[in-house]
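> After the sequence you'll find the predicted model.
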Amino acid sequence: QVRLVESGGGLVQAGDSLRLSCAASGRTFSGYTRGWFRQAPGKEREFVAAITWSGSSTYSDSVKGRFTISRDNVQNTVYLQMTSLKPEDTAVYYCGVLRYGPPSIGADDYGSWGQGTQVTVSS
């Protein structure tokens, strides 16, 4: 059974940093693009960052320069290092696996979602 588990969220102040992890079990995703998305209350799930199997990364404009996505294919884990956090970064953060095709920013193109981890940034 495939399972993704996100962790590392918490309550921080503006300007602080957090590192999220997304561990996979049940199968290996080393050959797949993996992505981070976030969803704030009342809003749709939005793209944050994605990383291909070879390590090429893509970011949304809102996090570019502040967030860094990385992966450890041996540990089957993807990370999201978040710095200079802002109150507007507050959301539940989810990781997913791209089903097929080139890297995408569409949430519908991803699957195997985890349960999410809450990130709250106070001003």
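Ah, there it is.
> hey, where'd the strands end up in this structure?
Assigned strands in the chain, in chain order: 3-7, 10-13, 18-25, 34-39, 46-51, 57-59, 67-72, 77-82, 91-98, 110-111, 117-122 (criterion: DSSP state E).
> For the shortest one, which helices and strands make contact with it?
Strand 110-111 makes packing contacts with strand 91-98 when contacts are defined by 3 or more Cβ pairs under 8 Å, 6 or more residues apart in numbering; DSSP states H and E. Placement of C-beta: from N, CA and C, glycine included.
> so who does Arg3 touch?
Contacts of Arg3 were listed using Cβ atoms under 8 Å, 6 or more residues apart in numbering, and they are 24-26, 114.
> Including mean pLDDT, could the strands of the chain go into a markdown table?
Compiled in a markdown table, the strands of the chain are given as follows (pLDDT from 0 to 100):
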| stretch | mean pLDDT |
| --- | --- |
| strand 3-7 | 92 |
| strand 10-13 | 98 |
| strand 18-25 | 94 |
| strand 34-39 | 97 |
| strand 46-51 | 97 |
| strand 57-59 | 96 |
| strand 67-72 | 96 |
| strand 77-82 | 97 |
| strand 91-98 | 96 |
| strand 110-111 | 92 |
| strand 117-122 | 98 |
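> In a markdown table: those strands, plus distance to Ser104.
Putting these into a markdown table (distance: least, Cβ to Cβ, whole Å) gives the following:
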| stretch | distance to Ser104 |
| --- | --- |
| strand 3-7 | 17 |
| strand 10-13 | 29 |
| strand 18-25 | 17 |
| strand 34-39 | 8 |
| strand 46-51 | 7 |
| strand 57-59 | 9 |
| strand 67-72 | 14 |
| strand 77-82 | 16 |
| strand 91-98 | 6 |
| strand 110-111 | 7 |
| strand 117-122 | 22 |
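> For the spatially most central residue of the chain, which residues count as its bridge partners?
Residue closest to the average C-alpha location in the chain (Cα atoms, centre = their mean): Trp36, at 2.2 Å. Beta-bridge pairing for Trp36 (DSSP bridges): Ala49, Cys95.
> Quick check, it in contact with Ile69.
Yes. In terms of Cβ atoms under 8 Å, Trp36 counts as a neighbour of Ile69; the distance is 6.3 Å.
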